[in-house]
Structure formats: structure tokens, C-alpha cells
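Trainee: Sequence isn't available, so here's the structure alone:
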């Protein structure tokens, strides 16, 4: 071990620091400050040595608490018990030191990361609530794998830790394990795992795609979407990649993938506690949630009716309640709302109005209200005028009637008094035909799709507008 790093760590141990007084007091302590102000390379050596010290202390605790002929080790007055208590305090202090060093971007080479991962494999259990430095370690490993994909030692260490499977079964710890698993089981350029309907479709669609690399770049960019809202720099890079993909290709894939997010897992899980935990088959793993969140933000870069609809459907799926959890994917739902709010034009505002009626729980309502306020400020309109202008006409030229000629037939879309819609087809002689004509299906497929989507949208939009108009009476 480096002598300078050894001296710094010995000084830290001698200080017998504790986290009881709070994180701020811990960071301001002299032994900690001397380490955090050391050169980055030296900080990396200290982090590596601190993890070894944690393992040594844990071994000592196990030795003190081994069953013995007498009741020693279980009585609080026993020296072994007292030593174990002090050792745990130092373990928590050392783990916090490691976390602080990783947060501050200490220089840790791929070889050092490999050693630290191997050390983590020797822990009996990794619980992100206790061993909270592991999350930052995983972030460093992900970055190192991206920058040095040929590092055999690092990939081997990741494989060893995942195979050890000592992560506890709480959702966040399992999410860390899954992030590591993706580094070794999936090509680094495609950070998506099979097992969820939308992810299976994505993997299949991109398997032979000529623009797979461009999609991979976008997915990798979205994979790092850990913040609550996108920054300007993040959006600029996303916009450049989407331009390379082309808006048509982007729209076609996203609409299909988002529609499948609401489906249960395609590789069901059965080993879960039904009494205390939510059904994992109804959830989305955390790395995938980040990707979906980033993809949702990308949808808000340009005005697009189909993407606005897809965002609204994804938001509803994300805000759907799951027993023992609450909202299924609140972060993704919020990202959809943010994307609809920043989408140019009025398409996004109409879908926000729908969400405002359909989503009832308080946190989501606040996010929707904020998005509407931001949009009103962006376009320079009062909030009430914005919602009035955002009501789409759907091609209705009469009161609740839209007629559109498609070849020799005319499509008539009508809105009934109960809010239902009806789409009928008029022959050249004016007689109705309920079934879609074969010639329309083949020669006017896109127009047909838009009419059918408009019929569904009208049924969803009417309750939202009814509630908005009722609210106008109370505006005074």
C-alpha cells in the first residue's frame, strides 16, 4: 500500500469518527478534510484501502461473536460485544468516507475498481441502505466500462460480484445488481435487458437495424437520465442523435415501445414476498425506468401529434397504482408531463388537459399544473386562454360531425350525445356501410389510422373539456 495513503487512513482511524453527529460534521472533521483535499490519485488509493479495512473489521466482528461454551459475546457487558459496537461505528465511518471520495471523483483506475468489486464480493450482504457507497461504486464502474471496454479484469470482477449474488432483496439493491448485470450480459452499446415486453420488442427491432449504432447512442444517453428534469446540454445532445435517426423512424419505434410498457413481464418472477412486496411482474426495473424517462424527454423536442398521444398513454401507465407500491413509475410519468409541457405547439397541451382529468393523486397533479404554467409562460398566454386554444378540432366542421373523402368512399365521424363516437362509411350513392372498405385499407391506410385515432381521442377529450367548462363557472 502507498505510504502516504496508509498514513492518511491511519489518521482517520485514530480519530474514531462517527456519523451520529451528522454528515456535515463528519465531512468537516480534520482527518476527513485532509483526505478529501489530497490529490485525486491518492484519494483513489485511500478509497481502495478503506474498503479492505471494512472487510477486516467485519471479520473481527464475526470472530468476536462466534458461539462459545459460555454466554460471552451475547451479553452487552462482554468486551467482545463492546468491541463489535465500536467496530460497527468505524465501519460506517469508513463506508461514508469511501462514498465521499467516489462522489468527489477520486481517480480510481480500472484495476483499482476491479479490486474494490472483488472486495465487495466478500461482503456477506450488500444492502444499499447500509453499504450506500456501493451505488457510487457502480456508477464509477459503468463509466469505466464505457471508457475502457477492453478491460478484462474489470469485466471479470463484475461477473464475479454478480455471480456471488450477495445483494439484499430490497428494490434499490437489486437495481444495482441489475445495472452490473447489464454490463456483462448485454452488449455495452445496447443497455437494455430482455424480460419486459417493451424491451423485448426494442431488442428485436434493433437486432438487424442499419441504424442500430445511432439507437444505441441514444439509449446510452438516456440511460444516464438520473435527474428530475433534462438540462440544456443533455437536450442538445439528444436532439443531435434524434436528427441522425430521423423523426419518422424515431416516432415509429417510440409509439410501439411506449404502448408495450403497460404489459406485464415476459419473463415472470415468482420468488417474491406477496405479503410485503409489490408484484415485480407489474414493475419496470430501475435502469429501464431511466431509459424510458430519457426517451420521453426526447419526444418533447418537436411538435408531433402521435408522440404526444404516446406520451399521454405512457404517463397513464406510469401513474397507474400498484398494490404495496403506489404509482408504478412516478419518475417516468413526471418525465412524460415535462415532455408534453416543453413540446412546441399545442399538441402537448391537449394531452396535458387529458392527464389533468384522468390522473387524480396529488403529486402528479402538481407536476401537471407546473407544466401548464410553464407552457403558458413560454407562449405568452394566460393559462385559461392556453387551455381554450389547445382544444383540438379533430377535423369537425359541423356540430360533432367530420366528413372526409377517401377514394370513392366518404368517412363520416360523428359524436353522439353520450360522448361516444361512431365512424361510418358512405358509398358513392350516399348509403352507409359500417365496415371499413377494402380499398380504403389498402390505398388510404395512413388516413384511416388517423381517423380511428381521432375517434379514440375525442372520447378521451370530451370528459376533460366537460370538466374544464364546468370549472369556468367557478373561476370568479
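Mentor: Nice, thanks for sending it over. The structure presented is a predicted model; accordingly, all values stated were derived computationally and were not measured.

Trainee: For the residue nearest to residue 17 when sequence neighbours are not counted, what is the enclosing helix or strand?
Mentor: Once flanking residues are discounted, residue 17 sits nearest to residue 93: 4.6 Å by CB to CB, 6 or more residues apart in numbering. In this view, the C-beta of every residue, glycine as well, is placed from N, C-alpha and C. Taking DSSP states H and E as the criterion, residue 93 maps to helix 79-103.

Trainee: Kindly state the pLDDT recorded for residue 418?
Mentor: Reading off the per-residue confidence, residue 418 sits at a pLDDT of 66.

Trainee: try residue 10
Mentor: The predicted local confidence for residue 10 comes out at a pLDDT of 88.

Trainee: who touches the nearest residue to residue 122 once chain neighbours are set aside in this structure?
Mentor: Of all residues beyond its chain neighbours, the one nearest residue 122 is residue 55 (5.7 Å), with distances taken as CB to CB, 6+ apart. Contact analysis of residue 55 by CB atoms under 8 Å, 6 or more residues apart in numbering lists 119, 122, 123.

Trainee: ok but the second one is inside a helix, no?
Mentor: It refers to residue 122. No: secondary structure assignment places residue 122 outside any helix; it is coil (DSSP: H, G, I helix; E, B strand; the rest coil).

Trainee: going forward, begin numbering at 93 instead of 1
Mentor: Got it, the first residue is 93 from now on, which makes the last one we talked about residue 214.

Trainee: Do you have the strands of this protein handy? List them.
Mentor: Here the chain has its strands, by DSSP state E, at 413-414, 418-419, 493-498, 501-507, 513-518, 524-525.

Trainee: In JSON lines: those, plus mean neighbour count.
Mentor: Supplementary listing: the strands of the chain in JSON lines, determined by neighbours: other CB atoms under 10 Å:
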{"stretch": "strand 413-414", "mean neighbour count": "12"}
{"stretch": "strand 418-419", "mean neighbour count": "15"}
{"stretch": "strand 493-498", "mean neighbour count": "15"}
{"stretch": "strand 501-507", "mean neighbour count": "18"}
{"stretch": "strand 513-518", "mean neighbour count": "15"}
{"stretch": "strand 524-525", "mean neighbour count": "10"}
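
Trainee: May I see those arranged in TSV, with mean pLDDT and distance to residue 446 as well?
Mentor: Putting the strands of the chain into TSV (pLDDT from 0 to 100; distance: least, CB to CB, whole Å) gives the following:
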stretch	mean pLDDT	distance to residue 446
strand 413-414	88	18
strand 418-419	88	17
strand 493-498	78	19
strand 501-507	81	16
strand 513-518	80	15
strand 524-525	82	30
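
Trainee: out of these, which comes closest to residue 139?
Mentor: Proximity to residue 139 (CB to CB) singles out strand 418-419 among the strands of the chain, at 36.2 Å.

Trainee: ok now the closest one, how far from the chain's centre?
Mentor: Strand 418-419 sits 15 Å away from the centroid of its parent chain (CA atoms, centre = their mean, to the nearest Å).

Trainee: so what does that strand touch, helix or strand wise?
Mentor: The contact analysis (3 or more CB pairs under 8 Å, 6 or more residues apart in numbering; DSSP states H and E) places strand 418-419 against no helix or strand.

Trainee: So for stretch 235-245, what gets flagged as buried?
Mentor: By 16 or more other CB atoms under 10 Å, the buried positions in stretch 235-245 come out as 236, 237, 243.

Trainee: same check, this time on stretch 426-436
Mentor: The neighbour-count check on stretch 426-436 (16+ other CB under 10 Å) flags 426, 427, 428, 429, 430, 431, 432, 433, 434, 435 as buried.

Trainee: what comes into contact with stretch 454-464?
Mentor: Stretch 454-464 is contacted from outside by 411, 419, 422, 425-426, 429-430, 432-433, 441, 444, 447-448, 451, 475, 478-479, using CB under 8 Å, 6+ apart.

Trainee: circling back to that earlier point, what residues are up against the residue nearest to residue 109?
Mentor: With CB under 8 Å, 6+ apart as the criterion, the residues that contact residue 185 are 104, 109, 110, 111, 118.

Trainee: Now restrict those residues to buried residues only.
Mentor: Going by neighbour count (16+ other CB under 10 Å), these have 104, 109, 118 buried.

Trainee: Just give me the closest of those to residue 203.
Mentor: Nearest to residue 203, judged by CB to CB, of the buried ones among the contacts of residue 185 is residue 104 at 23.4 Å.

Trainee: and the residue lying closest to residue 110 once chain neighbours are set aside, how many neighbours?
Mentor: With CB to CB, 6+ apart as the measure, residue 181 is the residue that lies nearest to residue 110, at 5.1 Å, once sequence neighbours are left out. Summarising burial for residue 181: neighbours were counted as other CB atoms under 10 Å, giving 16.

Trainee: What score does residue 181 have for pLDDT?
Mentor: The confidence metric pLDDT takes the value 86 at residue 181.
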